[in-house]
Structure formats: structure tokens, C-alpha cells
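Colleague: Show me how the following folds:
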Amino acid sequence: MIDWNDRWKEFLIEQGAVVGDDGVRHFAEADPHAQSRLAAADDILADLSHLGLIRADGPDAAAFLQDQLSNDIRRVDAGHGQLSAYCLPNGRMLALVRVFLRAGAYYLQLPATIQPATLARLKLFVLRAKVTLASADREFVRLGLSGPIAPRLLRAAGLTPPEHTDEAAEQDGITLLRLPGPHPRFEIIAGLEAGQRLWTTLAGQTAAVGASAWSWLDIAAGVPMLQPGAIGEFIPQMVNLDLLDGVSFQKGCYPGQEIVARVHHLGRVKQRLFLGHVAAGARPAVGVTIRAAGSDQGVGRVVDAQPAPAGGYDLAAVIDLDRIETALYLDGIPGPRLTLQKPPFSTGNF
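Modeller: Below is the predicted model:
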């Protein structure tokens, strides 16, 4: 359940939002497939309260995160964020987080559904470190903006947008993050009043959509967030985090580092994340098994699935590389086979 900023939630409802326990479901356009069509072609605006925030601050914050996450936290500054994994000792991921710096504190963004458990586990390892970890869900409001003219809209609102993926900028108390996507895509982190002003300004020039459309953009970019059902299932390379600059193989130890490094240095990854589509009548659940035709053996799992613009569901799934040319089906979902494509950033055979 989302830890809402109540005043922000009330503001969104006044703007026409239909809100559920999992975030904003829709505004004027209720059909989730139509919302994905808007995200695929037009300029859209979304509330991102379905994503949680963990704040890490204090003299030892950077050193603490360096010891816990897969990426090199020293590369995070006011102008650059990064993706990173938080892993178990066996290398399997507990969370995929987006890390950014704001006003001297580090913030880890991840799905709100797994934020409390992730925060509780991180706190176990603070020990004597001079670092404070806390939920920051109520501190800021977060807006998502994507579309062909998104940079122009930000400039018209008096903001200078970052030009490249993972770049960040802070201006007048507003943080901008550049995200990957089929169109220029940005996250805006601001205080309540500034967020309300920006929403009012941008809403007149965009289509407001629910959380599922924003998650569809994550899938289209090949960067789905890990949800319950996918926790503890994958090492970072399986979800292509090494290809997304989300793993440093030069930094020191962190939970799971030995396994992650061994896979990198000694062997080919046997599973990778692919994008897919299935003409199913219901959304495939996170973690559902993917099977090859004529076999009871699982060859992959769904990481996330969202309504596709043309109907059916687009999904991200980790698949055995030696089975990607075979006919694949979702376990327990009768109907057409699963069609696959590589993420937009992949090259060759991974």
C-alpha cells in the first residue's frame, strides 16, 4: 500500500484522478490499453506515487551504500543518477533501485510494494555507521513526463531538462532525472506546492495517465522494476543490469558480489531479459512461469506485464537463451504463443 502525501492525493483527485491502493489508476481515459497508446505516441503526465523512496543521509551514507549496492555510488552526484541492485548473498536481487542525490542526501527509488521490506533489511546493516535511513515517500511529490516534446514543455515551465539517460539536474528545489524510453522521458521530484504548480502547467499540454502506462514505458525501455513475485529470483545480469550500467565490476564487496563477478568473468549468462507480447485476455501475473511447447519444464519467468497499446499485454521476462527460438507459452494461460524481442539497448547475442 502507498504511503500517500494526503494533500497531494487530494490534489490529484481534484484533477480527476481515480486512485486505488496501488496508485493512480486513471484520469479521463479509463481504458488501460488506451492509456498505453497515449504513452506510446503522445506527451503524457503521470503521478509516480506507486514508487517508494528511501533516504540515506549522514557522514557515512555514501560508504554504507557502496557496501550494499551493486553499482559504484561514487559516480552519483548532482548531475548523475544510476541504477543499482540490492542483492542477497547468493547474488539474487531483492530490489532494483534508481539512486539519485538531492540536497546532499541519497535517495533510492523502488516500487512502493517492496519499499518497507527493503528499508527494514538495509537498517539491519547500519551497525556503527553514521547513516540515517528512512522512508521519504511523504517528503516529495513525483511527476513523470514523457513524449516527443517533453523537453520543450519543461523549458516552457522554466526548467532545463537533462539531455542524456541517467543525467540529473536540480533547479530551484526541483530535481529532474532523465530516464530511458521510446520518447524523451523525465521524472520530476519537487515539494508539494512546486509539484502542484508544475502539474497544473503541464496538464494543459499533455494527457494524464495512470501508473500502468508509466510502467508500460519502463517495459518498453527494458528497465522494469522488480515487484513481489520476482524478488530473490534473478541475479543482476539476468535482468540485463550489466548492460544498463547498473553493476560495477571494479568496486569492492557488496552482498552477492562474488556470485555476480564470477558469472561476469567466468561464464556466459544463461538467461536474459527479453520483451514480449501475448494476446491474453487477462494480465499475466509477475513471476508466472514460461514454458516451451510440449514441455513441462519452465524456461523463464515474467518480471512485469502491462496492457499493450494494441490490445493484449506487453511484458518483460527472463528467458533461457537456448529456448528463445522455440514456441513459448505462459503457464496456466491458454491461447496464443508468447512473441519475443530484444530490449532496445541490446546488441548481438548479449
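
Colleague: Would you agree residue 136 is in contact with residue 51?
Modeller: No: in this structure, residue 136 is not within contact of residue 51 by Cβ atoms under 8 Å, at 11.1 Å. For glycine as for every other residue, the C-beta is placed from the backbone atoms N, C-alpha and C.

Colleague: Just give me the neighbour total for residue 252.
Modeller: 9 (other Cβ atoms under 10 Å).

Colleague: Backbone dihedrals for it, both of them.
Modeller: phi -80, psi -160 (degrees, to the nearest 10).

Colleague: Extract the residue ranges of this structure that are flagged as low pLDDT.
Modeller: For the chain, applying pLDDT under 70 flags the ranges 333, 345-350.

Colleague: Pull the contacting residues for the residue most central in space within it.
Modeller: Centroid-nearest residue in the chain: residue 225, 3.7 Å away (criterion: Cα atoms, centre = their mean). By Cβ atoms under 8 Å, 6 or more residues apart in numbering, residue 225 lies in contact with 51, 96, 110, 111, 215, 218, 304.

Colleague: Closest to residue 174 out of the residues you listed?
Modeller: Using Cβ to Cβ, residue 51 comes nearest to residue 174 of the contacts of residue 225, at 17.1 Å.

Colleague: ok, the closest one to residue 219 distance?
Modeller: Remark: distance between residue 51 and residue 219 (Cβ to Cβ, to the nearest Å) = 15 Å.

Colleague: longest helix of this structure?
Modeller: helix 192-203 (DSSP state H).

Colleague: Following element in sequence after that helix, please.
Modeller: The C-terminal neighbour of helix 192-203 among helices and strands, as given by DSSP states H and E, is strand 207-209.

Colleague: what sits up against the helix or strand just after that next one?
Modeller: As assigned by DSSP H and E, the chain's next helix or strand after strand 207-209 is helix 211-220. Here helix 211-220 makes contact (Cβ under 8 Å, 6+ apart) with 22-25, 32, 35-36, 38-40, 44, 46-48, 50, 144, 146, 181-182, 185, 224-225, 275, 304-309, 314-316, 344.

Colleague: Show me what the helix or strand just after helix 211-220 is packed against.
Modeller: Note on helix 211-220: by DSSP H and E, the next helix or strand toward the C-terminus is helix 257-266. On a contact count with 3 or more Cβ pairs under 8 Å, 6 or more residues apart in numbering; DSSP states H and E, helix 257-266 meets no helix or strand.

Colleague: ok, residues contacting helix 257-266?
Modeller: Against helix 257-266 from outside (Cβ under 8 Å, 6+ apart): 70, 87, 90, 91, 235, 236, 237, 242, 247, 249, 269.

Colleague: Got a ChimeraX select line for the buried ones in those residues?
Modeller: Filtering the contacts of helix 257-266 down to the buried ones (16 or more other Cβ atoms under 10 Å) takes a single ChimeraX command:
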select :70,87,91,235,236,237,242,247,269
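
Colleague: Give me the next element, helix or strand, following the helix or strand containing residue 106.
Modeller: Per DSSP H and E: residue 106 is located in strand 105-111. For strand 105-111, the following helix or strand on the C-terminal side (DSSP H and E) is helix 115-123.

Colleague: I'd like the distance between residue 342 and residue 173.
Modeller: From residue 342 to residue 173 the distance is 40 Å (Cβ to Cβ).

Colleague: Looking at the two, which one has more neighbours?
Modeller: residue 342 (17 against 13).
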